[in-house]
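Peer 1: how does the following fold in three dimensions:
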Amino acid sequence: MRPISRIASDLGCLPISFVTIYFVGRPGSAGVLVDTGLLGCSRDIIGAADALFGHGAPAQAILVSQWQLWHHVSAHTLVEHWRVPS
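Peer 2: Residues are numbered from 1 along each chain as shown. Next comes the predicted model:
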């Protein structure tokens, strides 16, 4: 799994290639994911979310900061995995 950086107690980031994925929330609670990276990043993102929020803790929301491929391509896979309302 890729290294996750804690920026603050409720903010973590995961750099994947030239994209940085952000996790907002506290351990043990459902967090919010900001951006989803390129196709094929979902496994790393799910692993990072498990490490930060607890195994199986779903994201309650996924936010896309801009509509460029590297910010949203894995969104569909993650929405299905966590059953995030769309």
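Peer 1: and the pLDDT for Ser86?
Peer 2: Looking at Ser86, its pLDDT reads 68.
Peer 1: now swap in His71 and tell me
Peer 2: So, for His71, pLDDT stands at 64.
Peer 1: residues making contact with stretch 56-72?
Peer 2: Outside stretch 56-72, the residues that touch it by CB atoms under 8 Å, 6 or more residues apart in numbering are 17-19, 28-38, 49-50, 75, 78-79, 82-84. In this view, the C-beta of every residue, glycine as well, is placed from N, C-alpha and C.
Peer 1: from the residues you listed, which ones fall inside helices?
Peer 2: Among these, the members found in helices (DSSP state H) are Ala49, Asp50, Ala75, Leu78, Val79, Trp82.
Peer 1: list the contacts for the last one?
Peer 2: When contacts are counted by CB under 8 Å, 6+ apart, Trp82 touches Pro58, Ala59.
Peer 1: and for the second one?
Peer 2: For Asp50, the set of contacting residues under the criterion of CB under 8 Å, 6+ apart consists of Gly56, Ala57.
Peer 1: lowest confidence element among the helices and strands of this protein?
Peer 2: Lowest by mean pLDDT, DSSP states H and E among the helices and strands of the chain is helix 69-72, with a mean of 67.
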